[in-house]
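Peer 1: fold the following.
(one chain, ligands or ions: 2)
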Amino acid sequence: MSSPLPSATNKQGQSETQQASTLHHSEVRIRPEEVRAYDDSSRKPVLLAFFLALVWLLVGTVLGDLSSFKFDRPDLLTEQAYLTFGRLRPAHLNVMVYGWASTAMFAVSLWLMPRLCRTTLRWQFAAVSGILVWTLGLGIGLVLLLAGVSDGLEWLELDRYWADPLLVLGASLVGASIWKTLGARQVQHLYVSVWYIAASYPWFAIIFIAGNLPIFKGVESAAVNWFYAHNALGLWLTTVNLGLIYYLLPKIIGRPIYSYWLSLVGFWGLALFYALNGMHHLIGGPLPSWMIATSITASIMMIIPVVAVGINQHMTVVGRFGAMRYSPALTLAVIAAMSYTAVSLQGILTALASVNRITHFTHWTIAHSHLGLYMFVTLSLFGGMYYILPRVLGREWPSPRLIRAHILLAGGGMVLYVLALGIGGVLQGLSLMNPGEAFEISVAQTKPWLLLRSVSAVIISAGHLIFVYHCWRLAYSSRQGHAQHPPFFELKPVLVKKGSAS
Ligand code: HEM
Ligand code: HEM
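Peer 2: Ligands and ions are numbered 1, 2, ... in the order given. This is a model prediction of the structure:
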């Protein structure tokens with residue numbers, strides 16, 4: 001294997017059973033032909049989902065850029081109704097969440113499950129059909145959304161009758177393939193990534209159906225809306241990506257994860273507390289105070305799983321951070337893992353009523369959103385793609401320079417985005433809270449920070465273009481008979497200049 005041998009000692013003094021659960025199959029010295037058979041079985045749906053995810057990433061980027069520019073030039077593109085902010089913003093949200101992130105998560109789940117269950121992917125046809133049905137649903141929903149047909153609930157704007165049933169069917173078909181594969185597993189112990197990924201599919205189906213039931217009115221509807229949206233973050237986007245990071249970190253550096261018990265605390269703590277968090281989006285709203293108080297308490301309790309996951313992942317990598325120079329997948333997984341801790345701590349702070357009073361109606365929330373959905377979710381998915389695509393295609397990324405450029409532009413650009421809106425948001429909130437200042441002053445104060453966000457939008461978009469171009473070159477090079485490097489490139493220095501690697 002490419003990675004150094006795993007350490008045989010376990011610092012936690014775990015039993016054999018627990019130890020087995022901290023290892024994934026890389027440590028069990030699996031034969032390369034077997035791994036190839038698993039990858040072969042998932043190749044079709046994985047490549048299809050990654051391809052569609054990249055298309056959605058580009059569409060979502062254009063929609064995000066336009067939404068951002070409109071804050072600087074409110075008169076920009078206002079002639080056509082479908083180009084107005086009220087349509088572009090939800091279109092951006094839906095395309096990024098359901099198009100880019102979720103579709104890439106299908107690919108990640110379908111690739112990881114056979115490897116971790118040591119069996120081939122089952123019901124491949126269901127997986128492929130599911131991805132196509134999901135894409136059709138999103139496409140229909142997006143056209144309707146731009147045409148002005150929206151359910152009017154944030155994160156649930158896609159049409160309840162034409163789009164949502166297709167999304168449920170699509171995710172269920174992919175989930176069926178995942179669960180069938182799980183049922184056919186050839187391992188006794190389930191690695192932590194399997195818990196997260198397998199659980200995400202039924203969770204998503206339950207919350208999405210509950211969120212879309214057309215039976216709630218008024219305040220009830222707002223409560224169910226945020227029950228859904230918060231759990232879409234916590235029990236779907238977060239869980240699949242934590243599963244991916246739990247796979248990448250130990251696999252690339254060649255060590256078992258630090259502690260089985262911390263994995264358990266992290267998983268069950270999240271399952272228990274996250275579902276109760278949703279009402280913290282409505283602090284100050286006309287809901288019974290016990291609902292808000294429960295959600296604030298549950299938000300504070302999130303410190304337990306967040307710290308457990310943070311320590312577990314940090315201690316797994318500690319002493320081996322240098323390996324990041326050689327592996328873009330590890331670099332991105334480490335940044336994403338750290339961002340998960342950061343966004344969660346920021347979220348816990350934001351859920352405190354005293355802080356939320358200042359930040360609620362400000363750009364601070366958008367900074368938080370993108371710290372979570374970009375620096376954690378999107379970077380983890382980029383890391384997954386850097387790791388998975390060469391293995392599925394059986395060849396190496398053509399250009400380390402393009403990898404460096406992509407990571408610097410996308411990651412650096414988003415740091416700028418988050419800092420600009422984080423600072424601008426607090427200043428805006430303090431100004432809004434000041435009875436001596438007119439509302440216009442709070443608006444004027446945000447202008448330079450919004451301009452900075454638009455600058456970062458251009459930088460990030462350049463990163464996305466480079467990434468998509470590089471993926472295209474990776475795929476295209478096969479037809480040109482590109483040299484068949486073994487698809488293990490952790491040992492090659494891709495993030496340091498030639499000659500500077502020690
Ligand atoms: C090129 C990169 C991106 C740019 C320029 C961008 C820009 C924007 C803008 C301008 C808004 C509206 C903010 C407002 O209403 O005040 C927004 C909202 C949002 N974006 Fe992005 N975005 C980007 C990437 C992403 C990605 C990759 C995701 C998800 C994976 C995402 C998810 C969201 C969500 C969920 C919201 C709503 C946030 C909230 O209501 O708090 N964005 N984005
Ligand atoms: C312990 C963990 C977390 C807590 C306690 C938390 C808390 C919060 C709070 C209180 C808000 C509402 C802010 C407001 O409207 O005033 C919020 C919004 C948001 N959070 Fe978190 N957060 C956590 C983790 C995350 C993670 C991991 C992600 C991304 C994967 C994330 C993404 C978002 C997004 C996108 C919004 C904006 C939703 C919208 O308005 O459209 N959060 N969070």
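Peer 1: residues from the chain in reach of ligand 1?
Peer 2: Proximity of the chain to ligand 1, by Cβ under 6 Å from any ligand atom, involves residues 61, 64-65, 67-68, 89, 92-93, 96-97, 100-101, 365-366, 369-370, 373-374, 377-378, 457, 460-461. C-betas here are computed from N, CA, C, even on glycine.
Peer 1: now the buried members of the residues you listed.
Peer 2: Applying 16 or more other Cβ atoms under 10 Å to these, the neighbour count classes 61, 64-65, 67-68, 89, 92-93, 96-97, 100-101, 365-366, 370, 373-374, 377-378, 457, 460-461 as buried.
Peer 1: which of these are close to ligand 2?
Peer 2: Applying Cβ under 6 Å from any ligand atom to these, those adjacent to ligand 2 are 365, 373, 377.
Peer 1: filter those down to the ones in helices?
Peer 2: Counting by DSSP state H, those place residue 365 in helices.
Peer 1: could the ones next to ligand 2 among the buried ones among the residues of the chain next to ligand 1 go into CSV alongside distance to residue 244 and pLDDT?
Peer 2: CSV is the format used below for those (distance: Cβ to Cβ, whole Å; pLDDT from 0 to 100):
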residue, distance to residue 244, pLDDT
365, 26, 97
373, 15, 98
377, 10, 98
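Peer 1: ligand 2 contacts on the stretch 1-150 of the chain?
Peer 2: Contact residues, the stretch 1-150 of the chain versus ligand 2 (Cβ under 6 Å from any ligand atom): none.
Peer 1: same thing but at 8 Å, please
Peer 2: Neighbours of ligand 2 within the stretch 1-150 of the chain, by Cβ under 8 Å from any ligand atom: residue 93.
Peer 1: tell me the residue of the stretch 1-150 of the chain that sits nearest ligand 2?
Peer 2: Nearest to ligand 2 in the stretch 1-150 of the chain, going by Cβ to the nearest ligand atom, is residue 93, at a distance of 7.1 Å.
Peer 1: look up how far residue 370 lies from that residue.
Peer 2: The gap separating residue 93 from residue 370 is 11 Å, by Cβ to Cβ, to the nearest Å.
Peer 1: tell me who's in contact with the residue in the stretch 201-350 of the chain that ligand 2 sits nearest to.
Peer 2: Proximity of the stretch 201-350 of the chain to ligand 2 (Cβ to the nearest ligand atom) peaks at residue 347, 2.2 Å away. By Cβ atoms under 8 Å, 6 or more residues apart in numbering, residue 347 lies in contact with 299, 302, 368, 372.
Peer 1: among those residues, which are in reach of ligand 2?
Peer 2: Within those, those near ligand 2 by Cβ under 8 Å from any ligand atom are 299, 302, 368, 372.
Peer 1: quick check: the residue lying closest to the last one once chain neighbours are set aside vs residue 101, distance?
Peer 2: The spatially closest residue to residue 372, leaving aside those adjacent along the chain, is residue 343, at 4.1 Å (Cβ to Cβ, 6 or more residues apart in numbering). As judged by Cβ to Cβ, residue 343 and residue 101 stand 14 Å apart.
Peer 1: next one: residue 424
Peer 2: 25 Å.
Peer 1: related to what we said a few turns ago, hang on, isn't the residue of the stretch 1-150 of the chain closest to ligand 2 packed against residue 156?
Peer 2: No. Applying Cβ atoms under 8 Å, one finds residue 93 not in contact with residue 156, separated by 10.4 Å.
Peer 1: just for this protein, where's the confidence low?
Peer 2: 1-29, 478-502 (pLDDT under 70).
Peer 1: which ones are touching the residue most central in space within the chain?
Peer 2: Most central in the chain under Cα atoms, centre = their mean is residue 377, positioned 2.3 Å from the mean C-alpha point. With contact set as Cβ under 8 Å, 6+ apart, residue 377 has these partners: 101, 237-238, 241, 336.
Peer 1: noted, bye for now.
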